[in-house]
Structure formats: C-alpha cells, structure tokens
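# With the input below, show me the fold.
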Amino acid sequence: MFQHRELGLIQTYQIAVTLVMTALFWGYYLALDYLVPGFSLTSFSNYFEYFLAISLGFQLSFLSSKQHDIFSVTSGIMESHRFIWPHMVFASAITFMYAVLKRDDAISRLFLFTYIPITYVVLVIFNRYFALNLLRQFLHHTNQKLLLIGMPSELWKLDSLLSKARLFGLDTAGMLTEADESELPQGVRKLGGPEDLEKALDDYQIGNIFIVGSPRDRRWLGGWMRLAEARGCRVSMVNDLDVFLQRRLSFFRCDGIDLIEIREEPLQNIVNRSIKRSFDFCMSLPVVVFLLPALVLMVWMLHRKQAPGPLFFRQRRSGLNNKPFIIYKFRTMYADKCNSPEQVTQNDPRIFPAGHWLRKFSLDEFPQFFNVLWGQMSLVGPRPHMTEHDEEFEETMSSYRVRGFVKPGVTGLAQIRGFRGEAQSREDIVKRVECDIEYIETWSLPLDIRVIWRTALQIVRPPKSAY
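Reported below is the predicted structural model:
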C-alpha cells in the first residue's frame with residue numbers, strides 16, 4: 001500500500017511538472033511572438049523538438065536520480081532549489097547539445113536563454129507552494145485510521161514514514177503495546193496491549209495496521225492477519241530481519257520465489273566483473289611493459305650491493321574463493337630470513353637497508369601487477385595474507401573468509417583508510433575485514449578509481465604504518 005501510494009504521487013508530480021513546463025513553453029512562445037514588437041518566432045516544428053528535448057531531459061534526470069521520495073519534491077524554498085537545480089542543468093545541457101549538433105539557425109537563442117531560467121524559477125515556486133497541496137487533493141477522499149502495534153523504542157526509526165503516512169491520508173489512532181504509556185512519543189496514545197487488537201479495530205474504525213518489528217511471540221502474527229482481513233484492514237509490517245541477523249540484507253525475486261541474501265555483491269554480475277577485469281588489464285599492462293623493467297634493474301642492483309639472492313619473493317597466499325596462489329613481490333629481506341611467518345615490525349632486522357625504502361614507498365608491491373595480468377589478483381580488493389595469518393585472523397573474526405568472495409587486490413579500501421602494515425591488535429583485524437566486506441558490498445568502478453588515486457598519493461607521501 002505504501003509503495004504504490006508513493007509511486008502514484010510521484011507519477012502525479014511528474015505529470016503536473018510536465019503540464020507546467022508545457023504551458024510555460026507555449027505560453028512564452030505565444031507571448032514573444034504576438035506581444036513583443038519586431039520579434040518573430042518561426043518554424044513551429046523546430047520549437048516542438050526543443051520542447052521535447054528540455055521536457056524529456058528533465059524527466060530523465062528525475063527518473064535517474066535517487067530523489068523518488070515524495071518529500072524531496074515538497075519541501076521549503078532552498079530544498080526546492082536543490083531539488084530542481086540539477087534536473088534543470090541536465091535538461092539545459094541536453095537542449096544546448098541538441099542545438100549545437102543540429103546547427104539550427106531557426107530557433108531563437110533569446111527564447112532558449114530566457115525560457116530556461118524562467119522555468120527554473122516557476123518550478124521552484126511550484127514545488128514549494130503548490131505541489132504538496134496538489135498531491136493532497138488526490139488523497140483527500142482516502143483518509144483512514146492507522147493503528148500501530150509494537151514497541152515505542154522502534155518508532156524513532158519511523159518518523160519520516162509516519163509523516164509520509166499523514167500525506168497518504170492516514171491518521172495515527174494510537175498504538176497497541178506492552179510498554180507503559182509514558183514511553184510513547186508525544187501525540188501517540190496507548191490503546192491497549194497487542195491482545196486488544198479486536199477491540200481497537202471495532203472501537204476506532206481502523207483501516208490500516210502498521211506492525212512495528214516482530215512480536216515477542218511470532219505466532220501472534222497469524223492471529224493479527226486474520227483479524228485484520230476479517231475487518232477489511234490493510235496490514236504493513238516493518239522488516240527487522242536485518243536487525244535480528246545483524247547483517248545488511250538483499251531482497252529480490254527469482255523464478256517466482258522471494259529470496260533474501262545476506263549481502264549485496266555487485267561483482268557477481270558478469271558485466272561488472274568484465275568491466276573490472278578490463279580495467280585491471282588496461283591499467284596493469286603499461287606498468288608491466290614500461291615501468292617494471294626499470295624497477296627490476298634498480299632492485300637487482302640494490303640486491304647485489306646489500307643482500308644478494310633471488311630478485312623476487314614468492315609466497316603462498318589466499319585468493320579468490322580462498323584458493324591459494326603464488327604472489328610475487330620484490331624481495332626486501334635478507335635471503336636467509338624470507339621464510340618466517342612472523343609479521344613485519346617497525347625496524348625489523350630481517351629487512352636490508354634499501355628494503356626499508358622499497359617497502360616505505362610500496363615499490364616492493366609492483367611485481368604483483370604480473371598477478372593482476374594473469375587474473376589471480378585485481379588492482380583493488382582485500383589484501384591477501386599469508387595462509388598462517390588467515391587461520392589466526394579467522395579466529396578473531398568469524399566473517400573473515402568473506403574476503404575471498406572477490407579477488408585479492410594490490411591495494412584496497414582498508415589500506416587507504418590507514419589499516420595497512422602490521423596488525424597489532426584485534427581491532428586492527430576487525431577494521432580491515434569490515435573495510436574489505438564494505439568493498440565487496442559496494443563495489444563500483446568509480447570506487448576502484450578513487451582507491452587507486454588515494455594509493456598513488458600514499459606512495460608519494462607514505463603513512464606512518466608503511467614499514
């Protein structure tokens with residue numbers, strides 16, 4: 001009910017805005033054509049094309065934005081300005097781009113350059129003073145009583161929703177709760193306990209029931225549903241499963257079955273994986289071809305002078321789906337000290353002098369671009385740890401293995417937030433894993449670009465934890 005009422009109001013708003021823009025466009029067209037001496041507008045069909053461009057541009061911007069909350073279009077003057085401004089900028093850009101591509105001399109530039117700011121001002125005023133009243137007119141005949149069932153402690157999360165309910169024509173009659181009446185917020189009356197539902201429905205002519213969270217005994221839900229339907233009441237219920245599981249949940253429908261997943265995973269989308277893989281390849285290939293040869297020569301010379309032995313350090317790490325792979329780095333320790341599973345500490349005696357410098361500026365990590373080219377790693381992702389550390393860290397945080405849902409990265413969200421180098425406490429591990437899981441759930445190409453940029457800045461100005 002809530003979903004479709006809000007969708008209907010949003011669609012009504014879109015229609016109203018289209019009518020306002022239409023009336024303003026053609027009214028202004030006629031005003032200039034007939035009222036301004038010596039000013040003539042020709043080619044009606046051309047102007048119709050521009051009308052479509054600016055109107056469709058506004059609606060496309062509106063539909064692609066996240067401002068589909070009805071309150072975002074019915075606030076104060078400044079809120080109306082912030083709402084209208086980006087849509088008008090987008091619509092104007094589309095219109096002027098069309099004018100440039102068409103090279104149309106028949107259209108009046110004066111008309112376009114004055115119509116757009118006039119439309120902006122009119123829509124801001126319309127949003128502020130008329131939109132809310134207009135939308136209310138569509139629901140004035142649907143006023144009904146709303147009954148809340150649950151605990152008052154949950155109501156603070158529903159302030160906006162209950163305000164929206166009033167816009168939808170729903171007046172809160174009160175609440176059925178086991179809590180004391182003193183715990184209820186101002187303006188909400190206690191009408192009894194959950195067991196008094198039948199009496200409340202009869203006494204207050206309730207049309208809608210809103211269940212705030214799950215009841216102490218979930219068997220009550222079936223009884224509430226039967227009572228509501230027997231009296232023709234609509235029922236809405238706050239889904240608190242994410243609170244119960246302490247996880248961000250993903251809800252969707254597949255083959256007619258409603259499914260719940262514990263977390264979002266954008267990289268399960270094959271298109272997203274292809275974009276990420278293409279980005280990794282295009283970024284790592286120039287590094288391998290042009291930069292690594294010079295680094296190889298420089299590190300080889302440092303090795304010969306300070307710590308003879310293998311050029312590369314190879315180690316078994318956990319990769320995608322927690323399957324092991326061999327990671328490559330420039331060796332920064334003395335050749336006979338490389339196989340220790342202990343974490344590197346500040347001023348670690350196992351590291352030769354130039355090795356400290358290589359590690360500080362992250363130059364030892366560059367051979368991992370080979371791993372990226374081979375598809376074992378990504379430029380951005382959870383940093384791979386030694387398998388011995390994986391077992392240790394897993395005991396600290398049960399969701400540690402979730403990091404294996406994506407390829408490990410040369411850098412990651414945890415690293416740019418300062419959680420790199422030695423993990424000195426349980427909190428260090430928890431913070432890193434939380435960053436890694438956040439990355440898995442919120443991946444986007446702009447996020448990868450931002451992480452790479454911040455990492456590049458850290459190479460120039462290394463943090464204190466770089467050792």
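
# buried residues in the longest helix belonging to the chain?
In the chain, with assignment by DSSP state H, the single longest helix is helix 2-35. Neighbour-count burial for helix 2-35, counted by 16 or more other CB atoms under 10 Å, picks out 5-6, 9-10, 12-13, 16-17, 20-21, 24-25, 28-29, 32-33. Bear in mind the C-beta positions are built from the backbone N, C-alpha and C, glycine included.

# try stretch 55-64
Buried residues in stretch 55-64 (16+ other CB under 10 Å): 55, 57, 58, 59, 61, 62.

# Could you list which of the residues you listed belong to helices?
Checking these against DSSP H, those in helices are 55, 57, 58, 59, 61, 62.

# got a markdown table for those residues, with pLDDT and distance to residue 413 too?
A markdown table is the format used below for those (pLDDT from 0 to 100; distance: CB to CB, whole Å):
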| residue | pLDDT | distance to residue 413 |
| --- | --- | --- |
| 55 | 89 | 41 |
| 57 | 88 | 35 |
| 58 | 88 | 36 |
| 59 | 85 | 36 |
| 61 | 84 | 30 |
| 62 | 82 | 32 |
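
# Could you chop this protein up by domain?
2-137, 142-238, 270-460 (automatic domain parsing).

# Quick one: those domains as CSV, columns for distance to residue 253 too.
Formatted as CSV, the domains of the chain follow (distance: least, CB to CB, whole Å):
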stretch, distance to residue 253
domain 2-137, 14
domain 142-238, 18
domain 270-460, 20
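
# Name the residues of stretch 288-301 that are buried.
292, 295, 299.

# Excluding chain neighbours, what is closest to residue 223?
Closest residue to residue 223 apart from its sequence neighbours, by CB to CB, 6 or more residues apart in numbering: residue 197 at 7.9 Å.

# Neighbours of residue 258, how many?
Counted with other CB atoms under 10 Å, the neighbours of residue 258 add up to 8.

# Tell me if I'm right that it and residue 250 touch.
No - contact criterion CB atoms under 8 Å: residue 258 and residue 250 do not qualify, at 11.7 Å.

# Lowest average confidence across helices and strands of this structure, where is it?
helix 132-137 (a mean of 65; mean pLDDT, DSSP states H and E).

# Quick check: next helix or strand after that helix?
Downstream of helix 132-137, the next assigned helix or strand under DSSP states H and E is strand 144-150.

# now for that next one, which elements pack on it?
strand 170-176, helix 197-204, strand 206-212 (3 or more CB pairs under 8 Å, 6 or more residues apart in numbering; DSSP states H and E).

# And the contacts of the second one?
This means helix 197-204. The contact list for helix 197-204, computed with CB atoms under 8 Å, 6 or more residues apart in numbering, reads 145, 147, 149, 173-174, 176, 191-192, 206, 209, 223-224, 227-228, 231, 233.

# what does the last one give?
Where contact means CB under 8 Å, 6+ apart, the residues beyond strand 206-212 that reach it are 1, 144-151, 154-155, 158, 165, 170, 173, 197, 200, 221, 224, 228, 231-238.

# and if you look at the first one?
Counting by CB under 8 Å, 6+ apart, strand 170-176 makes contact with 143-150, 152, 162, 165-166, 184, 187-194, 196-197, 200, 204, 206-208, all of which sit outside it.

# on that earlier part again, just the ones in helices among the buried residues of stretch 55-64 now: which is nearest residue 428?
residue 61 (43.5 Å; CB to CB).

# Now do the contacts for the closest one.
86, 87, 90, 91.

# Mind putting those into TSV with pLDDT?
Formatted as TSV, the contacts of residue 61 follow (pLDDT from 0 to 100):
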residue	pLDDT
86	86
87	86
90	90
91	89
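
# Could you turn the buried ones of these into a PyMOL selection?
Only the buried entries of those go into this PyMOL selection, using 16+ other CB under 10 Å:
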select buried, resi 87+90+91
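
# The contacts of residue 61 in helices, which ones?
Using DSSP H, the members of these that fall within helices are 86, 87, 90, 91.

# got TSV for these, with distance to residue 427 too?
Listed next are the ones in helices among the contacts of residue 61 as TSV, based on distance: CB to CB, whole Å:
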residue	distance to residue 427
86	40
87	44
90	44
91	49
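
# Which one of those residues is nearest to residue 285?
Nearest to residue 285 among these: residue 90, at 35.7 Å, using CB to CB.

# So the closest residue to the closest one other than its chain neighbours versus residue 407, what's the distance?
For residue 90, ignoring the flanking residues on the chain, the nearest one in space by CB to CB, 6+ apart is residue 61 at 3.8 Å. Taking CB to CB, to the nearest Å as the criterion, residue 61 is separated from residue 407 by 35 Å.

# Report the residue spans of the stretch 201-350 of the chain with pLDDT below the cut-off.
216-218, 242-247, 340-341 (pLDDT under 70).

# and with 80 instead?
213-220, 238-256, 258-263, 336-348 (pLDDT under 80).

# which stretches of it form strands?
With strands called from DSSP state E, counting those that start in this stretch, the stretch 201-350 of the chain shows them at 206-212, 234-237, 250-254, 257-261, 312-318, 324-330.

# how far out from the middle of the chain is stretch 384-392?
Relative to the mean C-alpha coordinate of its chain, stretch 384-392 is positioned 30 Å out (CA atoms, centre = their mean, to the nearest Å).

# What are the contacting residues of it?
Applying CB under 8 Å, 6+ apart, the set of residues contacting stretch 384-392 is 315-319, 322, 324-325, 327, 341, 343, 377, 393, 400, 408.

# Got a PyMOL select line for the buried ones in these?
The PyMOL selection below is limited to those of the contacts of stretch 384-392 classed as buried (16+ other CB under 10 Å):
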select buried, resi 317+318+319+325+327+377+393+400+408
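
# And the contacts of stretch 384-392, which is closest to residue 262?
Among the contacts of stretch 384-392, and counting by CB to CB, the member closest to residue 262 is residue 400, at 14.9 Å.

# and the residue nearest to the closest one when sequence neighbours are not counted, what element?
Excluding the flanking residues, the one nearest residue 400 by CB to CB, 6+ apart is residue 394, at 4.5 Å. Assigned by DSSP H and E, residue 394 belongs to helix 387-396.

# How far away from the center of its chain is that helix?
Worked out by CA atoms, centre = their mean, helix 387-396 lies 30 Å from the chain centre.

# what's the next secondary structure element after it?
From helix 387-396, the next helix or strand downstream (DSSP H and E) is strand 409-411.

# Residue 302 is in contact with residue 356, isn't it?
No - taking contacts as CB under 8 Å, residue 302 lies outside contact range of residue 356: 11.3 Å.

# Neighbour count: these two, which is higher?
Per other CB under 10 Å, whichever of residue 302 and residue 356 has more neighbours is residue 302, with 19 against 16.
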